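Participant: Make a model of this:
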Amino acid sequence: MWRRVARVRVTARKKPFTGALAGHGNLIDQYIWADLQANSITSAGLTTDYEFIRRVTLDLTGRIPTPARVSRFAADRDPNKRANLINELLAKPEWVDKWTMYFGDLYKNTGRIPKWRFIRRPQRVL
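Facilitator: Just a heads-up that it's a prediction; the model follows:
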């Protein structure tokens, strides 16, 4: 079955760089900020706490956070709450499950491996 995919043309905006957070974060962030500045690309603004918790939870665990967890996160006044949330999610078994399945699919670990006698999805007996 073929699916039509819309083509989107992406062009860099030539606005002045407003890297208020430039130089902050980890080593990779410093390279990203430098590249944005070199190409005069304005970065997107920070997300709200509600957007952040949903995005990072989906990205790291593949699950949607509960409404109670979102409310607790939004009400938290700790300035490091986003980093703390990321560390919390990385320590969960759901993170391991999501990325194990991702890499299993990536490396085509989807069927029988005769050498190891491993069957990922055994046949159902009717």
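
Participant: hey, let's count contacts and neighbours off CA atoms from now on
Facilitator: OK.

Participant: All the strands of the chain, in order from the start?
Facilitator: Secondary structure of the chain by DSSP state E: the strands cover 112-113, 118-119.

Participant: Now for the chain, the helix or strand with the poorest mean pLDDT.
Facilitator: When each helix and strand of the chain is scored by mean pLDDT, DSSP states H and E, strand 112-113 comes last, with a mean of 57.

Participant: low-confidence ranges in this protein?
Facilitator: The chain contains residues with pLDDT under 70 at 1-25, 109-126.

Participant: Try it again at 80.
Facilitator: By pLDDT under 80, the weakly predicted segments of the chain are 1-26, 105, 107-126.

Participant: all helices of it, in order?
Facilitator: If DSSP state H is used as the criterion, the helices of the chain fall at 27-38, 49-61, 67-75, 81-90, 93-106.

Participant: Need the contact partners of stretch 78-87.
Facilitator: 53, 56, 73 (Cα atoms under 8 Å, 6 or more residues apart in numbering).

Participant: List the buried residues for it?
Facilitator: For stretch 78-87, a neighbour-count test (16 or more other Cα atoms under 10 Å) marks residue 85 as buried.

Participant: Neighbours of residue 38, how many?
Facilitator: Per other Cα atoms under 10 Å, the neighbour tally for residue 38 reads 10.

Participant: ok, it to residue 32 distance?
Facilitator: Going from residue 38 to residue 32 by Cα to Cα, to the nearest Å gives 10 Å.

Participant: For residue 64, list the residues it contacts.
Facilitator: For residue 64, the contact set (Cα under 8 Å, 6+ apart) comprises 54, 57-58.

Participant: Next, format the residues you listed as JSON lines and append distance to residue 97 and neighbour count.
Facilitator: JSON lines is the format used below for the contacts of residue 64 (distance: Cα to Cα, whole Å; neighbours: other Cα atoms under 10 Å):
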{"residue": "54", "distance to residue 97": "18", "neighbour count": "15"}
{"residue": "57", "distance to residue 97": "13", "neighbour count": "19"}
{"residue": "58", "distance to residue 97": "13", "neighbour count": "15"}
